[in-house]
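K.L.:
Turn this into a model:
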Amino acid sequence: MEQNNKVEKDTQLVYGKNPVAELLKSGSGVDTVYLADTLPPQVAAYYTALAKQAGAVAKQVKSVKLKAMCGTESHQGVAAYASSIEYVSLNDLMEISKEKGEDPFFVLADGVEDPHNLGAIIRTAFLCGAHGIVIPKRGGAPITPIVLKASAGAAARLPVARVANIGETVRQLKKQNVFVYCADMGGAPLHKNNLTGPIALVMGSEGSGVSPLVKKLCDGVVSLSMAGQGTGVDSFNVSVAAGIILYEIMHQRTQNGQLQ
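P.N.:
This next block holds a predicted model:
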């Protein structure tokens with residue numbers, strides 16, 4: 001038992017049926033659950049269901065690989081990586097901006113699945129003065145070592161809230177007088193928007209963009225002008241688009257005296 005605790009603390013890898021089940025049920029952040037290919041189907045289905053409820057990804061691997069990962073044969077066919085960071089709440093993000101004496105400035109990732117894109121967005125958000133980023137428990141990348149690396153470490157410094165529903169988060173922010181924009185085609189050109197004051201920016205998934213419900217809930221939609229229309233390349237990469245918009249938000253907030 002002591003060995004398992006040490007592994008969890010030092011490497012963030014938890015193994016064994018009961019420890020992994022308790023971790024998934026605890027509500028703590030979990031990135032990935034690994035299931036040995038030798039597990040009985042009903043057992044694998046049980047842990048897959050637990051992983052889904054916890055917002056984690058379940059992956060089947062060779063038993064020999066799981067042994068190498070855990071450094072022991074006593075893994076019982078199940079292992080999980082706990083989250084690389086400690087997630088905060090939406091209220092925590094609001095308090096952070098209040099403590100700094102600044103209008104809230106958040107980024108919401110609505111289904112960004114590529115960890116490299118998420119890491120790049122977090123890196124830019126951090127450098128542009130955002131107070132935090134919000135990601136969903138399901139339908140988007142969690143903060144993994146890949147995200148940490150892609151963010152150049154910013155994911156360990158910029159507070160991250162993990163929520164059950166991005167749409168509900170938009171509603172909560174609006175109740176607290178935060179103006180919520182989303183980036184999508186057909187919106188007002190970026191430079192024509194007033195991006196000062198309490199603000200949140202929603203960036204959508206790589207394939208389908210911002211979900212229709214979230215877009216409907218937002219106060220405004222911003223879009224980026226593009227050259228090369230009709231070439232088949234009809235949109236910016238989500239992390240590039242986020243970088244352009246976040247820099248403009250920082251520029252306007254700086255000119256308005258909201259950022260130093």
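K.L.:
Would you confirm that Leu181 contacts Leu190?
P.N.:
Residue 181: Tyr, not Leu. No - Tyr181 is not in contact with Leu190 according to CB atoms under 8 Å; the separation is 9.7 Å. Quick note: C-beta positions are derived from backbone N, CA and C, even for glycine.
K.L.:
what residues are shared contacts of these two?
P.N.:
Residues touching both Tyr181 and Leu190 (CB atoms under 8 Å, 6 or more residues apart in numbering): Val222.
K.L.:
And the helices in the stretch 101-250 of the chain?
P.N.:
Secondary structure of the stretch 101-250 of the chain (DSSP state H, counting those that start in this stretch): helices at 115-127, 145-150, 166-175, 212-217, 238-255.
K.L.:
Which one of these lies nearest to Val30?
P.N.:
For Val30, the closest of the helices of the stretch 101-250 of the chain is helix 145-150, at 13.7 Å, according to CB to CB.
K.L.:
Dig out what the residue nearest to Ile133 when sequence neighbours are not counted forms beta bridges with.
P.N.:
Nearest residue to Ile133, sequence neighbours excluded (CB to CB, 6 or more residues apart in numbering): Val107, at 4.7 Å. With DSSP bridges as the criterion, Val107 is bridged to Ile133, Leu201.
K.L.:
Surely Val107 and Ala130 touch.
P.N.:
Yes - with contact defined as CB under 8 Å, Val107 counts as touching Ala130 (5.4 Å).
K.L.:
shared neighbours of these two, anything?
P.N.:
Leu246.
K.L.:
that older thread, would you tell me which one of the helices of the stretch 101-250 of the chain is buried the most?
P.N.:
Stretch with highest mean neighbour count among the helices of the stretch 101-250 of the chain: helix 115-127 (a mean of 24; mean count of other CB atoms under 10 Å).
K.L.:
so that helix versus helix 238-255, what angle?
P.N.:
With axes from the mean of the first three to the mean of the last three CA atoms, to 10 degrees defining the directions, helix 115-127 sits at 10 degrees from helix 238-255.
K.L.:
Beyond the lowest-mean-pLDDT helix or strand in the chain, next helix or strand please.
P.N.:
Lowest by mean pLDDT, DSSP states H and E among the helices and strands of the chain is helix 2-11, with a mean of 31. Going down the chain from helix 2-11, the next helix or strand is strand 13-15, by DSSP states H and E.
K.L.:
Return the list of strands paired to that following strand, each annotated with direction.
P.N.:
Sheet partners assigned to strand 13-15 using DSSP bridges are listed as strand 78-82 (antiparallel).
K.L.:
downstream neighbour of the partner strand in the secondary structure list?
P.N.:
helix 90-100.
K.L.:
Now do that next one: distance to the chain's middle.
P.N.:
The chain centre lies 18 Å from the centre of helix 90-100; the measure is CA atoms, centre = their mean, to the nearest Å.
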